[in-house]
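>>> please work out how this folds:
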Amino acid sequence: MEPLFPLPEEKAKKKIEGEITKKRVIKGERFQKAIIYASLDELLPPDHRVRIVLEMVKRMELGRFYNRIKSIEGEAGRPAIDPEILIAVWLYATLDGVGSARKLARQCEENIAYRWILGGIEINYHTLADFRVDYEEELDELLVKGVAALMNEGLVDLERTAQDGMRVRASAGAKSFHRRTTLETHLEKAKNRVEELKQEDSEEFQRGPRSQAAQERAANEKVERLEKALKELEKIEEKRKKSHHKKEKQKIPRASRTDPEARFMKMPAEEKRPAYNAELTIDTESRIIVGVDMVNEVDQGQMDPMLEKIHEKYNQYPRKHLVDGGFATINDIESAHKNKVVVLAPLPDPRCPGQDSSQPREEDGPGVKSWRERMATEEAKEEYKERAATIEWANALARNRGFRQLVVRGIRKVRSILLWFALAHNLMQSVNLRKRQAQAA
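Numbering: from 1, shown residues only. Have a look, this model is predicted:
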């Protein structure tokens, strides 16, 4: 084969014989200084999802968030970061599966989407972590107002709702649970440590002011946690007294010294771990989350409190409410019947051979009787299938976004985390609902 242009005789010979030669490639230059004339908005793709998040946040009523800001124009003090920015950052982080404040702080430095939201503002993980858990009531109000706005638009009607509980691992180890005597011993040692630190201060030990403050804060927080653990232990003991289980079969009550409000719960893998129970209620037609609660108990007995909260927030009960068998207690079914709520829950397995669970019993009230008769029909069984397709779908989305292991402690902070997931879910679902409505029009 003849070359396209003349080659030196030696090089041509090597080429023909197939000898390996140096390849020509383009290499990157990472140390060349360059001036990029572009704004953050120009660097972000026009169809990026983060633009939708910030646009939706701008429509929210954030008055209660601004009311908590102490920095005022014309007076001394550093200005606060706009709550609109912090809300948008955490909502997008929730959708993006970022659940750690430290990881989010790194994303705010490296990821163009987070940098675009911040608009050049520098932020640290302390600010992010505090904001995430310090606004439980405000976040709950945002959720309610968002659902109310969708109800006014005719996108949510609360005609039929579905409820389910989701166990989430607590930020506490199994070995942190102790009996009363052990907790009291730990409390005494913790109080002694606080006194030792005070004595060191009076004797002017050579410690830096920041180190001194940190040690004192940690010691006081430990005392508070142990005192709270003992109070939670009293609640557990009181509940045990009312339990119908035989006392000889009950284990000695224990409480955690790291997260006193956490409880041992059976997880999906049939293992017991320190956990919380996240209760969600969804409107089955729109798939919007309308109710959120966090408890440290099982699902049994949680249906009536959720229905009451829905009525309190939206001034109406759902016409139908779908729950699994763990929620279906006699008292809750009767209470729902009085409020004209039709409960769809599977009938329990017969206790005795030949017994029919669909047949009313003498001790049944009107609500339980109608529930038994209703769930024996094929129509009710078919409608009940909507529960798995709606509320379990929402639970799966939350788990896919990282709601598996908690990094905060205390039921109030844990509920704040759940509210972020509910708000992020509703944000994207409301965008889809409005898009469908526009297409249908």
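>>> the lengthiest helix in the chain: how far from the chain's middle?
For the chain, the helix reaching the highest residue count under DSSP state H is reported as helix 209-242. The chain centre lies 24 Å from the centre of helix 209-242; the measure is Cα atoms, centre = their mean, to the nearest Å.
>>> tell me which residues in it are buried?
Using 16 or more other Cβ atoms under 10 Å as the test for burial, helix 209-242 gives 215-216, 219, 222-223, 225-226, 228-230, 232-233. Where C-beta positions appear, they are placed from N, C-alpha and C, glycine not excepted.
>>> mind picking out the helix or strand in this structure with the poorest mean pLDDT?
When each helix and strand of the chain is scored by mean pLDDT, DSSP states H and E, helix 9-17 comes last, with a mean of 57.
>>> hang on, the earlier thing: can I get the buried residues of helix 209-242 in a markdown table including pLDDT and distance to T377?
Supplementary listing: the buried residues of helix 209-242 in a markdown table, determined by pLDDT from 0 to 100; distance: Cβ to Cβ, whole Å:
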| residue | pLDDT | distance to T377 |
| --- | --- | --- |
| Q215 | 84 | 66 |
| E216 | 83 | 66 |
| A219 | 86 | 63 |
| K222 | 89 | 57 |
| V223 | 88 | 58 |
| R225 | 90 | 52 |
| L226 | 90 | 54 |
| K228 | 90 | 49 |
| A229 | 89 | 49 |
| L230 | 89 | 51 |
| E232 | 89 | 44 |
| L233 | 88 | 47 |
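>>> from those residues, pick the one nearest M306.
Nearest to M306, judged by Cβ to Cβ, of the buried residues of helix 209-242 is E232 at 22.8 Å.
>>> my guess is the closest one contacts D259. True?
No. Using Cβ atoms under 8 Å, E232 is not in contact with D259, being 9.7 Å away.
>>> sec struct for Q163, please.
Three-state assignment for Q163 (DSSP: H, G, I helix; E, B strand; the rest coil): strand.
>>> tell me the secondary structure at the closest residue to it other than its chain neighbours.
Nearest residue to Q163 in three dimensions, chain neighbours excluded: T281, at 4.5 Å (Cβ to Cβ, 6 or more residues apart in numbering). Of the three states, T281 takes strand under three-state DSSP.
>>> quick one: the strands in this structure?
160-169, 177-178, 255-256, 263-266, 272-283, 288-295, 320-322, 342-344 (DSSP state E).
>>> can I get those strands in a markdown table with distance to L150 and mean neighbour count?
Converted to a markdown table, those look like this (distance: least, Cβ to Cβ, whole Å; neighbours: other Cβ atoms under 10 Å):
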| stretch | distance to L150 | mean neighbour count |
| --- | --- | --- |
| strand 160-169 | 14 | 22 |
| strand 177-178 | 42 | 20 |
| strand 255-256 | 39 | 27 |
| strand 263-266 | 33 | 18 |
| strand 272-283 | 9 | 22 |
| strand 288-295 | 6 | 23 |
| strand 320-322 | 19 | 25 |
| strand 342-344 | 23 | 21 |
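>>> can I get those strands in TSV with distance to Y37 and mean pLDDT?
Listed next are the strands of the chain as TSV, based on distance: least, Cβ to Cβ, whole Å; pLDDT from 0 to 100:
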stretch	distance to Y37	mean pLDDT
strand 160-169	47	94
strand 177-178	60	92
strand 255-256	56	91
strand 263-266	56	90
strand 272-283	47	94
strand 288-295	43	96
strand 320-322	57	95
strand 342-344	61	94
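>>> could you export the ones you listed as TSV, including distance to V57?
Formatted as TSV, the strands of the chain follow (distance: least, Cβ to Cβ, whole Å):
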stretch	distance to V57
strand 160-169	25
strand 177-178	40
strand 255-256	36
strand 263-266	34
strand 272-283	22
strand 288-295	17
strand 320-322	31
strand 342-344	36
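>>> right, so of these, which gets closest to E55?
So among these, strand 288-295 is nearest, using Cβ to Cβ, at 18.4 Å.
>>> give me the nearest residue to M60, chain neighbours excluded.
Nearest one to M60, counting by Cβ to Cβ, 6+ apart, is L142 at 6.0 Å.
>>> next one: E184
Leaving out its chain neighbours, the residue that sits closest to E184 by Cβ to Cβ, 6+ apart is L230, at 7.1 Å.
>>> dump the residue contacts of the one you found.
Contacts for L230 (Cβ atoms under 8 Å, 6 or more residues apart in numbering) come out as 180, 183-184, 187, 255.
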